[in-house]
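>>> Give me the fold of what follows.
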Amino acid sequence: MSDLFDQMTPPDLMPEIPVAEEDPKLKEISELSKQGYAFLKENNIDKAIDSFNKILIIDDNNNYALVGLGDSERKQRHFTEATEYYNKCLRYHPGNNYALFGLADCYKAMNQYHKAIEIWERYLVHDDKNITVLTRVADAYRKIRDFKKSKNLYLQVLDVEEDNAYALIGLGHLHYDFKEYRDALYYWTKMYDSGNGSIDIRVLTSIGNCYRKLKTFDKGVHFFSLALDMEPNNFYALFGMADCYRGLNQHSKSIIYWNRILENDPGNKVILTRAGDACRNMGDFDAATRYYQKALDIEFDIYAVLGLALISKAQGNFEEAISSLSKLIQGDPKNYRLYMDLADCYVKNGQKKQAIESLQSFQRYGIRCQILNDYLDNLLQER
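Numbering: from 1, shown residues only. So this is what the prediction gives:
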């Protein structure tokens, strides 16, 4: 799960418009600014842009108008255009926090995380306690895999606000990305415990995925089941349930959930091969063959070919299985599992010498694999 769900977006910062009662020109700018930001809040982008452009007729470098136009473009995901407005504002008003905030958000949206961090840190010089910005900077550091800086900033947020959802979610993702599943579970469970009955489904699937990665599949089933109660066709919950039952060797249950995914996405090659594996493990080779073949009808898939080879092996068609596995090894020569299955086919076919040679050919790559080495040692001792 690089991200099973993106970090929730904290609310944008909206500038406070000063009231100017004396100067008619300033009063008009103030009223147009209020109108423009009100339209933005209502998502009425065209009217917002019209209001901000009217300000520029009066004052062509007005900071409220330039930031407002930047925000208008950003809301439409026109990030390049938005950066032009923010940068123009910063040329005339270098310390404008709202322009800095919007500019950094655009860079983040364009995956230019280093630029985003640079701008947000400029913002924090003026406002180093802003939780919204701190979580965004922490998230950007997470994206560039700077674990230490990201974690420190998220924890800084929690020092200010103990149950801040964005920081807890970010810390969960951060530890998950670095395969620290128990720590990820700690932060996501805090989100779950503080949910008060209104927990986000993405928190449930994230907790489920931690348990799945930790191979405590029964606990994973519990949380994926809660997620499916909320959203019966949620892909991540269905996948998690199927994979947990696979881990529990309850293939008759896993196939139910693989098939539920296929009802909505019949051309999903990965799920077709997983469904094939489930049927093969249940001994239903005809159904397994149909799933594997459907996957191969989409495009070549190593797992579908491997599945068919394992069916041939299980049915005693060793020559056919050996031929398929040998071709797979040519395409994936460092996959030890292929050599293990190939050697097993040779042994069952009465060709122990070829089995030993196939395992020794893998060892020449210098890849340490204890299970393969042990198998080879056993074969050599039996000679």
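>>> right, and Val133 touches Gly102 too?
No: counting by C-beta atoms under 8 Å, Val133 stays clear of Gly102, with 11.6 Å between them. (C-beta placed from N, C-alpha, C; glycine too.)
>>> the domain parsing of this protein - what is it?
Here the domain parsing of the chain from automatic domain parsing is 20-128, 130-199, 316-383.
>>> okay if I get the ones you listed as JSON lines plus distance to Ala295?
Output for the domains of the chain, formatted as JSON lines (distance: least, C-beta to C-beta, whole Å):
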{"stretch": "domain 20-128", "distance to Ala295": "32"}
{"stretch": "domain 130-199", "distance to Ala295": "28"}
{"stretch": "domain 316-383", "distance to Ala295": "15"}
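>>> Rebuild these as JSON lines, extending it with distance to Arg280, mean pLDDT and mean neighbour count.
Shown next, in JSON lines, are these (distance: least, C-beta to C-beta, whole Å; pLDDT from 0 to 100; neighbours: other C-beta atoms under 10 Å):
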{"stretch": "domain 20-128", "distance to Arg280": "40", "mean pLDDT": "92", "mean neighbour count": "18"}
{"stretch": "domain 130-199", "distance to Arg280": "29", "mean pLDDT": "92", "mean neighbour count": "18"}
{"stretch": "domain 316-383", "distance to Arg280": "13", "mean pLDDT": "95", "mean neighbour count": "16"}
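>>> mind checking which of those domains is nearest Arg260?
The minimum distance between Arg260 and those falls on domain 130-199, with 22.4 Å, by C-beta to C-beta.
>>> Regarding that closest one, how distant is the last residue from the first?
For domain 130-199, the first-to-last residue distance is 25 Å (C-alpha to C-alpha, to the nearest Å).
>>> From Glu382, how far off is Tyr166?
Look at Tyr166 and Glu382: by C-beta to C-beta, to the nearest Å, they are 60 Å apart.
>>> swap that for Ala167, please
Distance from Ala167 to Glu382, counting by C-beta to C-beta: 58 Å.
>>> what do you get for Glu28?
For Glu28 relative to Glu382 (C-beta to C-beta), the value is 94 Å.
>>> Same check on Ile58?
For Ile58, the distance to Glu382 equals 92 Å [C-beta to C-beta].
>>> And Lys25, by the same measure?
In this view, Lys25 and Glu382 are 96 Å apart by C-beta to C-beta.
>>> Could you check the pLDDT of Asp200?
We have a pLDDT of 87 for Asp200.
>>> Could you check which helix or strand contains Lys327?
Using DSSP states H and E, Lys327 sits in helix 318-331.
>>> counting contacts, what elements does that helix pack onto?
Packing contacts for helix 318-331, counted by 3 or more C-beta pairs under 8 Å, 6 or more residues apart in numbering; DSSP states H and E, involve helix 302-314, helix 336-348.
>>> Kindly export that helix (C-alpha atoms) in PDB.
Coordinates of the C-alpha atoms in helix 318-331 are reproduced here as PDB (Å, rounded to 0.1, in the frame of the first residue of the first chain):
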ATOM      1  CA  PHE A 318       5.200 -33.600 -15.500                       C
ATOM      2  CA  GLU A 319       6.700 -33.100 -18.900                       C
ATOM      3  CA  GLU A 320       4.200 -30.400 -19.700                       C
ATOM      4  CA  ALA A 321       4.800 -28.700 -16.300                       C
ATOM      5  CA  ILE A 322       8.600 -28.900 -16.800                       C
ATOM      6  CA  SER A 323       8.300 -27.300 -20.200                       C
ATOM      7  CA  SER A 324       6.200 -24.400 -18.900                       C
ATOM      8  CA  LEU A 325       8.400 -23.800 -15.800                       C
ATOM      9  CA  SER A 326      11.600 -23.900 -17.900                       C
ATOM     10  CA  LYS A 327      10.100 -21.100 -20.200                       C
ATOM     11  CA  LEU A 328       9.100 -19.100 -17.100                       C
ATOM     12  CA  ILE A 329      12.700 -19.300 -15.700                       C
ATOM     13  CA  GLN A 330      14.000 -17.900 -19.000                       C
ATOM     14  CA  GLY A 331      11.900 -14.800 -18.500                       C
END
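>>> so it versus helix 302-314, what angle?
When axes from the mean of the first three to the mean of the last three C-alpha atoms, to 10 degrees is applied, the directions of helix 318-331 and helix 302-314 differ by 160 degrees.
>>> chain center to helix 318-331, what's the gap?
With C-alpha atoms, centre = their mean, to the nearest Å as the basis, helix 318-331 stands 35 Å off its chain's centre.
>>> Identify the residues contacting that helix?
Residues outside helix 318-331 that contact it (C-beta atoms under 8 Å, 6 or more residues apart in numbering) are 302, 305-306, 308-310, 312-313, 335, 338-339, 341-342, 345-346, 348-349.
>>> how close does Asp46 sit to Phe52?
Distance from Asp46 to Phe52, by C-beta to C-beta: 11 Å.
>>> And for Met282?
Separation of Met282 from Phe52 (C-beta to C-beta): 64 Å.
>>> Kindly report the same for Val160.
Taking C-beta to C-beta, one finds Val160 at 33 Å from Phe52.
>>> Lys25 too?
Lys25 sits 16 Å away from Phe52, going by C-beta to C-beta.
>>> cool, Val137 as well?
On the measure of C-beta to C-beta, Val137 and Phe52 end up 28 Å apart.
>>> Likewise for Ile371?
As judged by C-beta to C-beta, Ile371 and Phe52 stand 66 Å apart.
>>> Over to Trp188?
41 Å.
>>> Output stretch 144-161 as CSV - backbone C-alpha positions only.
Extracted in CSV, the C-alpha atoms of stretch 144-161 (Å, rounded to 0.1, in the frame of the first residue of the first chain):
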residue,chain,number,x,y,z
ILE,A,144,10.2,12.0,-0.5
ARG,A,145,10.8,9.2,2.1
ASP,A,146,12.5,11.4,4.7
PHE,A,147,11.3,9.4,7.6
LYS,A,148,12.9,11.4,10.4
LYS,A,149,11.8,14.9,9.3
SER,A,150,8.3,13.7,8.5
LYS,A,151,7.8,11.9,11.8
ASN,A,152,9.2,14.9,13.8
LEU,A,153,6.7,17.3,12.2
TYR,A,154,3.7,14.9,12.6
LEU,A,155,4.6,14.6,16.3
GLN,A,156,5.0,18.4,16.6
VAL,A,157,1.3,18.6,15.4
LEU,A,158,0.3,16.0,18.0
ASP,A,159,2.0,18.0,20.7
VAL,A,160,-0.4,20.9,19.9
GLU,A,161,-3.5,18.7,19.2
